[in-house]
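S.K.: what follows is a protein structure lacking sequence information:
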């Protein structure tokens, strides 16, 4: 299986097969032992042996698919490991992302509880911009892409219908 692993600002190509792994074209002898829950249940602990050297590893799921928060010999690392298919899907989605003003749209009828941005604010793709209550649950609605908030068309306490435009974000570029 082929992965692209992003760690410490670098991207590495990792190929895992039945007899070991290759990292950026270099064959590496690697073995993982343990795979047990940590005492506090906050992650999975193991001993990672790479080319004969042992390292203590604790892994916790990060935010988003393929993202992990690691402690390797006590050093904290954030790692993203994506297989070829997932990486290609993300690249395609990013390339197909709309340009210009993109709306945050109500996915269902509900009541606006909180607006967390103001006109002119810079937002990142996926950043929470408002909270809407629907079916007795609070739902965070997120920016569809990075850019600047162009317009806020609702305020807390307002009931909205499914499909209503709530906030528009204008891509900068």
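M.R.: That came through fine. All values derive from a computational prediction rather than experimental measurement.
S.K.: going forward, measure contacts between C-alpha atoms and count neighbours the same way
M.R.: OK.
S.K.: most distant residue from the centre of the protein?
M.R.: Farthest-out residue of the chain from its mean C-alpha position, per CA atoms, centre = their mean: residue 52, at 33.0 Å.
S.K.: setting the sequence-adjacent residues aside, check what's closest to that residue.
M.R.: Once flanking residues are discounted, residue 52 sits nearest to residue 29: 7.6 Å by CA to CA, 6 or more residues apart in numbering.
S.K.: okay, now that neighbour: neighbour count?
M.R.: 14 (other CA atoms under 10 Å).
S.K.: how about the one 4 residues further on?
M.R.: Residues lying near residue 33 (other CA under 10 Å) number 12.
S.K.: pLDDT on the helix or strand hosting it, on average?
M.R.: In this assignment (DSSP states H and E), residue 33 forms part of strand 30-37. What strand 30-37 shows for mean pLDDT is 77.
S.K.: secondary structure class of residue 104, three-state.
M.R.: Under DSSP: H, G, I helix; E, B strand; the rest coil, the three-state class of residue 104 is strand.
S.K.: again with the one 3 residues further on
M.R.: Classification of residue 107 using three-state DSSP returns coil.
S.K.: next structured bit after the strand holding residue 33?
M.R.: As assigned by DSSP H and E, the chain's next helix or strand after strand 30-37 is strand 44-50.
S.K.: which neighbours does that following strand have in its sheet, and in what orientation?
M.R.: strand 30-37 (antiparallel), strand 53-61 (antiparallel) (DSSP bridges).
S.K.: so the residue nearest the centre of the chain: helix, strand or coil?
M.R.: Centroid check for the chain by CA atoms, centre = their mean gives residue 64 as the closest residue, at 3.2 Å. For residue 64, the assignment made with three-state DSSP gives coil.
S.K.: which residues does the nearest residue to residue 12 once chain neighbours are set aside contact?
M.R.: Excluding the flanking residues, the one nearest residue 12 by CA to CA, 6+ apart is residue 5, at 5.1 Å. Taking CA atoms under 8 Å, 6 or more residues apart in numbering, we find residue 5 in contact with 11-14, 79-82.
S.K.: again, only this time at 6 Å
M.R.: For residue 5, the contacting residues are 11-12, 80-81, by CA atoms under 6 Å, 6 or more residues apart in numbering.
S.K.: from residue 140, how far off is it?
M.R.: Residue 5 sits 29 Å away from residue 140, going by CA to CA, to the nearest Å.
S.K.: perfect, I'm done here.
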